Structures are given as C-alpha cells and as structure tokens.
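Trainee: Could you look at this predicted model? Sequence included:
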Amino acid sequence: MAGAKNHDYHILPPSVWPLVGSMSALVMAVGGVMWMHGGHVDKPNGGGWIFFIGLAGLLFTFYSWWAQVIAEARAGDHTPVVQLHFRYGMILFIASEVMFFVGWFWAFFDFSLFPTAMSIVDGQVERAAEGAAAVAAQWPPKGLTVINPFELPLLNTLILLTSGTTVTWAHHALIHNQRGGEKTGLWGMIGVGNRDGVLKGLWLTVILGALFSAIQAYEYVHAPFPFKGINYGAAFFMATGFHGFHVLIGTIFLIVCLVRAYRGDFTPRQHFGFEAAAWYWHFVDVVWLFLFVTVYVWGGWGAPSTAVERSRPPLPAYHPGEGRGPVGKAAVTKRCPQSATSPNWAPASAGEVASGETPALPNLFSREGGSPVWIPAFAGKHGRTR
C-alpha cells in the first residue's frame, strides 16, 4: 500500500524548532557581545535585553522541541533502531564534552608545568624581572594562598560519588520495574511508594546535586584568590566553574526525568531519556575526580591554604621530669648524650627560642653519637612519650 512504513526508522515531519533555535542563539550571541562591550557599564546599548531575549527564545526552543520528542516516544516512533542511534548521539555528545574539558586541563597543566615568574604581595601581582624568571617561577605563584583540598572539595567529592550510586540505584530499579508500593512516612508525603526505587534514587540524586552546587558557591565566595589578574585563579575558576555549570545542567536533566517518572513515561524497555541523564551524571562525576586530584591536590601542593593556617596546632614543650608542659617554641628538641637516667629529651636553648631558629635534626633511626631525637609530634595526649 502506498505510504505504508516498511522500515524501522522514524522520518521526522517538517519542524520549525531548528530555525527558531538557531535564530535565538544568534540573537543571544549578538546581545552578549554588545553587553560585554560597555552596555552594562556607562554606555547603555540594550545588549543585556537582547541577550536575555535570545536566551528566552533558546529555552523555549529546548522545551518545545524535547516535548515533541517525548510525544514521538509515546506514539511508538522510537523503535529499537532509533533508540540505538539516540545512544550513538549521546556518546558523541559526551565525547565532545570530554574534549572541551581537555582544553581546560591543558591550560592548567601549561600554566603549572611552565609557570610565569610572579609573586603575590599584599594581594597585588608582581612579576619578576626578565633575568630572574628562571629563579622566581614557581607554581602556585609565590605568596598565593590556595583552597585546602581536604575540606570542602573533599566533601563535594564524597557528595558527587554518592550521587553516582543513587542514580545507578534508580536506573537499576527502573530496569527491574521496582515501582509503586505503599505511600507511608516522609516518602509518602511526596507521592513515593516504599518499593519505588526509581523515585527515591532520583530524589536523592537531585538533592545531592543541589547540595554540591551550594557548597561550590560558598567555596567561590570565600576563595582566597581572585579570578582575574593571575593565571592560577583564571585556570581554577574556568575549569571548576564550567564543571559546576555542567552539574547544574545535569541536575535540571534529572529533575525533568523525575517529573517524567511521576508521569509514568519510563518503562523497563523504553527509557532512553533517563539513561542519557544517568550517563551525563556519571561523566560529571569522572570529570570532578580529575579536577579534584589535579587542580585541588596536585595544583596547590606546597602552597599555604586557608585551612592549614587556621587549624595548625602548636607543639607542646617538654620539661624534664614533668612529662607535660606549656605550649611554645621551646617545644623544638635536640639530641642529647645517652643517659641512663633521662628519657633523652632536651629543650631548645634560650637563644634558639628567641631567634625562632630550630636546630638541625639528625636521622631519627641513627644512634651515632647519642640517642635518637624525640619529636613532640610523637607525644601522647598530654605530651608523654610513647
């Protein structure tokens, strides 16, 4: 019969949304250029309004076009072949995102492995003279205070890794049709059954994603270095900032999946929208792990951090025969000759305490010329040796 469909592909009808989307993107780009060239300071040119008009058109295109795709899925147009090609498209999209972040990692490694000779003095950037560049260049720049990676960044790492497990739980529950159940307790108040692993996992993932973004915003507000004027700040904020933007996009993606899960759009056999969101979220997780290791830990290694300066405990001083003592620079200890009646401790001299200098410490495991050095770091709770 003429016009009968005898293939597994979905032939799309003519659509206006590609044209509307491209024109909206053009308007947004033009408005952004005008806005950044003075329209937001002292020469009003309407650039800001043009930018937001284009952005509104783009967001409307997203909503309308994806609503049309969802309607096609409900109509049965997404055959296994079409779903397979959707997966190919999502894989290529994530691959392009990987290369996007490769560019920011490349910039950070270029700055760190071939640093510019500069130092931070009273919050101002001072570049070294040309002849002193080989000596003064270091990374992070001298005088720069960095963010302690083992406080908020480590907490955010644990949050993202946990969110990866919750979205995997939701995906597993969807595949095995773990839905429904009695609506009791706090879950029941938001319409989630006690057997509904899909909704539970999605809710937890969305909450964890929002918590990550809130903590990162707090970290940015209290960052001890600026965005402009220094390559460390520029590389840090661009790499972590674009990742934070991807977390926001992924959270919105998951919220849409949560709404669709409430509406019953997903089935164990047809749920590509949810699967694409889960892939994207795992991609965000992996990128953050690389950022945490390279930018936060390795990139700031050796530089003072805000948390280190705030939490470094003072060393206790030792007074022979007491086992405990007040805090002070006299805590620095030296070698003393072997004695059968003393624990081989000796406080620093008064001159060393006054000058702030510490004596050179020998090998802890050497007994040449006397007993090994005892360092207060090895002391017990009240300064007693162990």
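Mentor: All right, it came through fine. Residues are numbered from 1 along each chain as shown.

Trainee: hey, let's count contacts and neighbours off CA atoms from now on
Mentor: OK.

Trainee: so who does Gly38 touch?
Mentor: 44-45 (Cα atoms under 8 Å, 6 or more residues apart in numbering).

Trainee: let's number from 856 now, not from 1
Mentor: Sure, I'll start numbering at 856, so the last one becomes Gly893.

Trainee: And Phe1091, how close does it get to Phe1097?
Mentor: Using Cα to Cα, to the nearest Å, one gets 10 Å for the distance from Phe1091 to Phe1097.

Trainee: Which one's more surrounded, those two?
Mentor: Between Phe1091 and Phe1097, Phe1091 has the larger neighbour count (other Cα atoms under 10 Å), namely 21 against 14.

Trainee: Who are the contact partners of that one?
Mentor: Going by Cα under 8 Å, 6+ apart, Phe1091 touches 963, 1150.

Trainee: What ranges does the stretch 1006-1155 of the chain have for its helices?
Mentor: 1007-1030, 1040-1044, 1052-1076, 1086-1118, 1127-1146 (DSSP state H, counting those that start in this stretch).

Trainee: ok, residues contacting the last one?
Mentor: Under the contact criterion Cα under 8 Å, 6+ apart, helix 1127-1146 has outside partners 938, 941-942, 945, 949, 956, 1012, 1015-1016, 1019, 1022-1023, 1026, 1094-1095, 1098, 1101-1102, 1105, 1108-1109, 1112, 1121.

Trainee: Just the buried residues of those.
Mentor: 938, 941-942, 945, 949, 956, 1012, 1015-1016, 1019, 1022-1023, 1026, 1094-1095, 1098, 1101-1102, 1105, 1108-1109, 1112, 1121 (16 or more other Cα atoms under 10 Å).

Trainee: returning to that earlier point: let's have the helices of the stretch 1006-1155 of the chain in a markdown table, adding distance to Phe906.
Mentor: As requested, the helices of the stretch 1006-1155 of the chain are exported to a markdown table (distance: least, Cα to Cα, whole Å):
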| stretch | distance to Phe906 |
| --- | --- |
| helix 1007-1030 | 32 |
| helix 1040-1044 | 41 |
| helix 1052-1076 | 24 |
| helix 1086-1118 | 19 |
| helix 1127-1146 | 27 |
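
Trainee: Of these, which is nearest Ala962?
Mentor: helix 1086-1118 (6.9 Å; Cα to Cα).

Trainee: what's the spacing between the closest one and its chain's center?
Mentor: Its chain's C-alpha centre and that of helix 1086-1118 lie 10 Å apart, by Cα atoms, centre = their mean, to the nearest Å.

Trainee: relative to helix 1052-1076, how tilted is it?
Mentor: Relative orientation of helix 1086-1118 versus helix 1052-1076 (axes from the mean of the first three to the mean of the last three Cα atoms, to 10 degrees): 160 degrees.

Trainee: mean confidence score for helix 1086-1118?
Mentor: If you average the pLDDT over helix 1086-1118, you get 94.

Trainee: the inter-axis angle of that helix versus helix 1007-1030?
Mentor: Helix 1086-1118 and helix 1007-1030 are oriented at 30 degrees to each other (the same axes, to 10 degrees).

Trainee: do you know how far the residue nearest to Val1061 when sequence neighbours are not counted is from Leu1057?
Mentor: Here the nearest residue to Val1061 in space, its sequence neighbours aside, is Thr1106; by Cα to Cα, 6 or more residues apart in numbering that works out to 5.8 Å. Distance from Thr1106 to Leu1057, counting by Cα to Cα: 10 Å.

Trainee: who touches stretch 938-953?
Mentor: Under the criterion Cα under 8 Å, 6+ apart, residues 1127, 1131, 1135, 1138 lie in contact with stretch 938-953.

Trainee: Please state the offset of that stretch from the chain centre?
Mentor: For stretch 938-953, the distance to the chain centre is 23 Å (Cα atoms, centre = their mean).

Trainee: Now do the same contact list for Leu1103.
Mentor: 1064-1065, 1068.

Trainee: which of the residues you listed lies closest to Val924?
Mentor: Among the contacts of Leu1103, and counting by Cα to Cα, the member closest to Val924 is Gly1064, at 25.9 Å.

Trainee: Next, count neighbours for the residue nearest to the closest one when sequence neighbours are not counted.
Mentor: Closest residue to Gly1064 apart from its sequence neighbours, by Cα to Cα, 6+ apart: Thr1106 at 5.9 Å. Per other Cα under 10 Å, the neighbour tally for Thr1106 reads 22.

Trainee: Also Met1044?
Mentor: 10.

Trainee: from memory the residue nearest to Val1061 sits against Phe1067, does it?
Mentor: No. Here Thr1106 lies out of contact with Phe1067, judged by Cα atoms under 8 Å, at a distance of 10.2 Å.

Trainee: Flag the shaky bits of the stretch 1056-1205 of the chain, pLDDT-wise.
Mentor: Applying pLDDT under 70 to the stretch 1056-1205 of the chain picks out residues 1161-1205.

Trainee: Averaged pLDDT, stretch 866-886. What do you get?
Mentor: Here the average pLDDT along stretch 866-886 is 92.

Trainee: ok, residues contacting that stretch?
Mentor: 901-913, 916-917, 919-920.

Trainee: Please identify the buried residues of it?
Mentor: Quick answer for stretch 866-886 (16+ other Cα under 10 Å): 872, 876, 879-886.

Trainee: Please apply the same query to stretch 1027-1036.
Mentor: 1027-1029, 1032-1034.

Trainee: centre of the chain versus that stretch, how much separation?
Mentor: Centre to centre, stretch against its chain (Cα atoms, centre = their mean), the figure for stretch 1027-1036 is 31 Å.

Trainee: Only alpha carbons, please: show it as CSV.
Mentor: Coordinates of each C-alpha in stretch 1027-1036 appear next as CSV, following Å, rounded to 0.1, in the frame of the first residue of the first chain:
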residue,chain,number,x,y,z
HIS,A,1027,18.6,-0.5,38.3
ALA,A,1028,15.2,-0.1,39.9
LEU,A,1029,13.7,1.1,36.6
ILE,A,1030,15.2,-1.8,34.6
HIS,A,1031,13.7,-4.3,37.2
ASN,A,1032,10.4,-2.4,37.4
GLN,A,1033,10.7,-1.7,41.1
ARG,A,1034,7.9,0.8,41.3
GLY,A,1035,4.9,1.6,43.5
GLY,A,1036,4.3,0.3,47.0
